[in-house]
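# sequence unknown, structure follows:
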């Protein structure tokens, strides 16, 4: 949801001080980060279509084990990069509770410690932030925070009643005292939950109950694809009532093989470009339930094609919401969703992560080049954060750290030398604090991980 309230026998030794400890040895289920080879840039054929990758695994990090470190490429020592990431994590997860952190311990239950990630500005806990929280935690080997956040989500956000329309999924927004704001589902949270759970199983192994990460991921992934239709009432304040009656089902549209904005009937069926995560779908096609693996392969291809249809041909800006054919979708409660706004910032991260991990579709490189050319034209230190798709009107003059972060991740796919400017801009941006630190901060920290080669695929042992 947007800021508005609806929204792999051997061992490799690495000397990296991560989260205050020496990580050595690194298990072989994590590919070592090595210097980027001096390779020629892949170009597009004259028809602009995707080139054929070198085999079904593509030629990205999944196949090669190489993750670019854009900060080291820019001349920063690895120790300095590691310190920068550690400092950002500490501030956002264990900093001053009044002005810095977005993670808060919240007692314990029979499953162990509890903790949540909160949107400071809107005073709620969202599946968006909770799922980002556990993804950051597994990437940084922070099992305690991972388990506490997952425990809170399963305890308070998860629906286990077979008659509830959100059965098998999570309420997208709760107050910090666990009272629901809305029992509807925002599928990006479930997507990140699934991927982070598989990574946790591969990195740490499985425990019991809710900490059997692989079982939890399989169950949730199956629901994303197959959850039966359920008709009933959900908490969702609207007008003079505190609930609405909906029919809800799976989080993916089977015909289009695309993620939905919402799986329930309170809105027309449509999608959100920033929910499209082909890099994840490729892994689900290898690790998920066997019966659905072809579907997820198809979903990855569908999302890559969708990126081309949904983005502007000149600016590469995507709308917040879109129809499955890629045309912008105007929400009934906010017609501005046809524009490039807060959700849409993340779309470039998604196609650039896909290129970094898989390198199956060279059109993603064009997207990054076009996007960065547009923002460079608007002035690197001052460009705004909301635009019409053609870029003709700047709708918000705020120069947002979260967007600076996402535009830096686009450099993973970009070919033009200007990409360095965007990496430098992220490096020179302080860790977000204050009232906007939730969304800006989480995107900032994920961008640091992406751009440093530390946001990686954790393979099964």
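Good, I have the coordinates. Keep in mind it's a predicted model, so treat the numbers as computed, not measured.
# Helices along the stretch 351-461 of the chain, start to end?
Ranges of helices in the stretch 351-461 of the chain, per DSSP state H, counting those that start in this stretch, are 363-377, 401-409, 419-427, 437-451.
# Quick check: which of the ones you listed is buried the most?
helix 401-409 (a mean of 27; mean count of other C-beta atoms under 10 Å). Where C-beta positions appear, they are placed from N, C-alpha and C, glycine not excepted.
# Which neighbouring elements make contact with that one?
helix 347-357, helix 363-377, helix 419-427, helix 437-451 (3 or more C-beta pairs under 8 Å, 6 or more residues apart in numbering; DSSP states H and E).
# switch the cut-off to 7 Å
Where contact means 3 or more C-beta pairs under 7 Å, 6 or more residues apart in numbering; DSSP states H and E, helix 401-409 is packed against helix 347-357, helix 419-427, helix 437-451.
# and of the helices of the stretch 351-461 of the chain, who's closest to residue 100?
Nearest to residue 100 among the helices of the stretch 351-461 of the chain is helix 437-451; the distance by C-beta to C-beta comes to 6.9 Å.
# How about residues contacting that closest one?
3, 70-71, 84-85, 88-89, 92, 100, 102, 118-121, 129, 132, 136, 139, 342, 349, 353, 400-402, 405-406, 408-409, 411-412, 423, 426, 431-432, 455 (C-beta atoms under 7 Å, 6 or more residues apart in numbering).
# least trustworthy helix or strand in this protein by mean pLDDT?
strand 21-22 (a mean of 30; mean pLDDT, DSSP states H and E).
# Next SSE downstream of that strand?
Sequence-wise, the next helix or strand downstream of strand 21-22 (DSSP states H and E) is helix 61-64.
# buried sites along that next one?
Neighbour-count burial for helix 61-64 flags 61-63 (criterion: 16 or more other C-beta atoms under 10 Å).
# nearest to residue 162, of those?
residue 62 (36.7 Å).
# quick one, what contacts that closest one?
Counted by C-beta under 7 Å, 6+ apart, residue 62 has contacts 357-358, 457.
# ok, now how distant is it from residue 360?
Applying C-beta to C-beta, to the nearest Å, the value for residue 62 to residue 360 is 10 Å.
# show me the contacts for the closest residue to residue 215 other than its chain neighbours.
Among residues not flanking residue 215 along the chain, residue 206 sits closest, at 7.2 Å (C-beta to C-beta, 6 or more residues apart in numbering). By C-beta under 7 Å, 6+ apart, the contact list for residue 206 reads 212-214.
# Of the buried residues of helix 61-64, which is the nearest to residue 165?
Closest to residue 165, out of all of those and judged by C-beta to C-beta, is residue 62, at 36.1 Å.
# Adding distance to residue 77 and mean pLDDT as columns, could you present the helices and strands packed on helix 401-409 in a markdown table?
A markdown table is the format used below for these (distance: least, C-beta to C-beta, whole Å; pLDDT from 0 to 100):
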| stretch | distance to residue 77 | mean pLDDT |
| --- | --- | --- |
| helix 347-357 | 22 | 99 |
| helix 419-427 | 12 | 98 |
| helix 437-451 | 15 | 99 |
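# and this structure, what are its domains?
Per the record, the chain has its domains at 68-101+274-461, 103-269, by automatic domain parsing.
# The helices and strands packed on helix 401-409: which one's closest to residue 327?
It's helix 347-357; of the helices and strands packed on helix 401-409, that one is closest to residue 327 (C-beta to C-beta) at 15.1 Å.
# Can you work out which other helices and strands pack against that closest one?
Checked by 3+ C-beta pairs under 7 Å, 6+ apart, helix 347-357 has helix 61-64, helix 278-287, helix 363-377, helix 401-409 packed alongside it.
# got these as a markdown table, with mean pLDDT and distance to residue 300 columns?
What follows is those, written out as a markdown table (pLDDT from 0 to 100; distance: least, C-beta to C-beta, whole Å):
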| stretch | mean pLDDT | distance to residue 300 |
| --- | --- | --- |
| helix 61-64 | 98 | 12 |
| helix 278-287 | 98 | 4 |
| helix 363-377 | 99 | 12 |
| helix 401-409 | 99 | 19 |
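# Out of these, which is closest to residue 177?
If we rank these by C-beta to C-beta, the stretch that ends up nearest is helix 401-409, at 26.7 Å.
# Let me see the ranges of the strands in this protein.
Ranges of strands in the chain, per DSSP state E, are 17-18, 21-22, 103-109, 112-119, 124-126, 173-175, 180-182, 230-238, 241-248, 252-253, 258-259, 386-387, 394-396.
# For burial, what's the neighbour tally of the residue nearest to residue 217 when sequence neighbours are not counted?
Closest residue in space to residue 217, ignoring its immediate chain neighbours: residue 197 at 3.7 Å, by C-beta to C-beta, 6+ apart. Residue 197 sits with 28 neighbouring residues when counted by other C-beta atoms under 10 Å.
# Just the buried ones from the contacts of residue 62?
357-358, 457.
# rewinding a little: among the contacts of residue 206, who's most crowded?
Counting neighbours by other C-beta under 10 Å, the top entry in the contacts of residue 206 is residue 213, with 25 neighbours.
# Dump the helices and strands packed on helix 347-357 to CSV, plus distance to residue 159.
Listed next are the helices and strands packed on helix 347-357 as CSV, based on distance: least, C-beta to C-beta, whole Å:
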stretch, distance to residue 159
helix 61-64, 33
helix 278-287, 22
helix 363-377, 35
helix 401-409, 29
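# Looking at the ones you listed, which is nearest to residue 246?
Going by C-beta to C-beta, the one of those nearest residue 246 is helix 278-287, 26.2 Å.
# counting contacts, what elements does the closest one pack onto?
Counting by 3+ C-beta pairs under 7 Å, 6+ apart, helix 278-287 packs on helix 187-204, helix 293-310, helix 347-357.
# Could you identify which of those is most buried?
helix 347-357 (a mean of 27).
# Outside of that helix itself, list whatever touches it.
By C-beta under 7 Å, 6+ apart, helix 347-357 touches 60-62, 68, 273-274, 276-279, 307, 318, 364-365, 367-368, 371, 406-407, 409-410, 412-413, 450, 457.
# residues touching residue 322, list them.
270-271, 273, 310, 328-329.
# quick one: which of these has the most company?
So for the contacts of residue 322 (other C-beta under 10 Å), the most neighbours sit at residue 273, 30 neighbours.
# got the contact list for the closest residue to that residue other than its chain neighbours?
Using C-beta to C-beta, 6+ apart and skipping residues adjacent in sequence, the residue nearest residue 273 is residue 318, 4.2 Å away. The contact partners of residue 318, taken as C-beta under 7 Å, 6+ apart, are 273, 310-311, 340, 344, 347.
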